[in-house]
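> pasting the sequence and the predicted model now:
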Amino acid sequence: MPQLSRDVEALKQRIASSTLATQIDGWDVDGGSVTVRVKAAKQFLTCTIFFMSDADYPNSPLMAMCADDDRLNSVLEGFSEHFEYGAPLLDVMIKLLEQLNIDTSALEPQKTSEAGSENDEDAASEGNFSDTGQDMAETDNQVLIFAYVFAVYNLVISHHLLSLLQELLEAVLKKVSTWDRAEKDVQAAEDDALAAETSPGTAQGLSMEEQLAQKRQIFAPQEAYKMLARELKDMMLEPSSGVTVDAIGNSVWHWDMKLTEFDSSTPISQVTA
C-alpha cells in the first residue's frame, strides 16, 4: 500500500476516536488525490488535496481546493506556496481545519522533551559533522566543485519544471472545480424535473424520495460523473503526444479532443500534412 494511502487510513482511525469524528468523513483516495468532506457552519464542504507526485509523497509539492466555498478555495490556493516542498497529510489537514476555525488539538502531535535524548541527538549531530568534515578534507577539490555546479544546474532545471507543473496542475484543478459546480447545477435541475414527473402517491405506496431513488437505480449519474471527471483530469495532467482534450462547455459528458500526430504511412497523415 502506498505511503499516502497508509497515512489516510491512520488519519481516519485517529479522527474516528476523537471529537472530530462527526465533522470529517467521505474520504476518497485516487493516486495522489485525497478528497474529504469537512463540516463547517452546519454544512459539509468537499475539499481535495492533490500531491503532484504520489511516488515522492510526502516530499511532493501539493495543491488544495474546495469547490463548495469560494472564500475557502481562494485560501487553499495559497497552500501550494506554504507547502512548496511537500508535507505529510496530517500537517496539511491541520492547516485546512485551522482555516475553518475547527479545533485541531486532537490531531496535534504530542510534544516531548527529554534532556537525555536531546543530548544524544546533539552528540550524534556533532559526530556526523565531524565525519562529513573528514570526508570533505579527503575529497579532491575539483570533484567537489564539479559536484556543486552540477547540483546547482539540476536545482535550476528542477525548479523550472516544477513551476511549469504547478501552473498546469493549478489550471486543471480550477477546471475540475468549475466542472463540479456545473454538474451540481445539472443534477439539481434533473432532480427537480424528476420530482415534477413523480406523483405524491402511487400504487406501491412509495414516498416521493423512494420514487426518485427508484428512478436513479437505473443510472447513477454522480458515479458516472466522477469516473469521467477523473479520466479527463488524468488525460489533461498527463497529455499524450499529439493529443489534447478538454470539456465542452464545462460538461465532462462532452469532450473536445484534437489529434495532431499520425503515422506517416497512414492516409490521414497526408491530409493533415
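Thanks, I have the structure now. These figures come from a predicted structure and were not determined experimentally. Residues are numbered from 1 along each chain as shown.

> hey, let's count contacts and neighbours off CA atoms from now on
Noted.

> list the contacts of stretch 9-19.
Outside of stretch 9-19, the residues that reach it under the criterion Cα atoms under 8 Å, 6 or more residues apart in numbering are Ala21, Ile24, Leu90, Ala106, Leu107.

> one more pass at 10 Å, please.
Judged by Cα atoms under 10 Å, 6 or more residues apart in numbering, the contacts made with stretch 9-19 from elsewhere in the structure are 3-8, 20-25, 27, 89-90, 93, 103-107.

> now do the buried residues in that stretch.
Ile15 (16 or more other Cα atoms under 10 Å).

> what does stretch 243-253 give?
By 16+ other Cα under 10 Å, the buried positions in stretch 243-253 come out as Val245, Asp246, Ala247, Asn250, Ser251, Val252.

> which of these fall within strands?
Using DSSP state E, Val245, Asp246, Ala247, Ser251, Val252 are the members of these that sit in strands.

> tell me which two in the residues you listed are the farthest apart.
The largest separation in these, counting by Cα to Cα, is between Val245 and Ser251 at 12.5 Å.

> just the element for Arg36, please.
Just to correct that, residue 36 is Val rather than Arg. Applying DSSP states H and E as the criterion places Val36 in strand 33-40.

> hmm, who's touching that strand?
In contact with strand 33-40 (Cα under 10 Å, 6+ apart) are residues 4-5, 8, 20, 22-29, 43-54, 62-66, 89, 93, 96-97, 100-102.

> tell me what the one helix or strand Trp27 maps to is packed against?
Following DSSP H and E, the helix or strand that holds Trp27 is strand 24-30. Contacts of strand 24-30 with other secondary structure elements, assessed using 3 or more Cα pairs under 10 Å, 6 or more residues apart in numbering; DSSP states H and E, are made with helix 3-16, strand 33-40, strand 43-51.

> okay then, goodbye and thanks.
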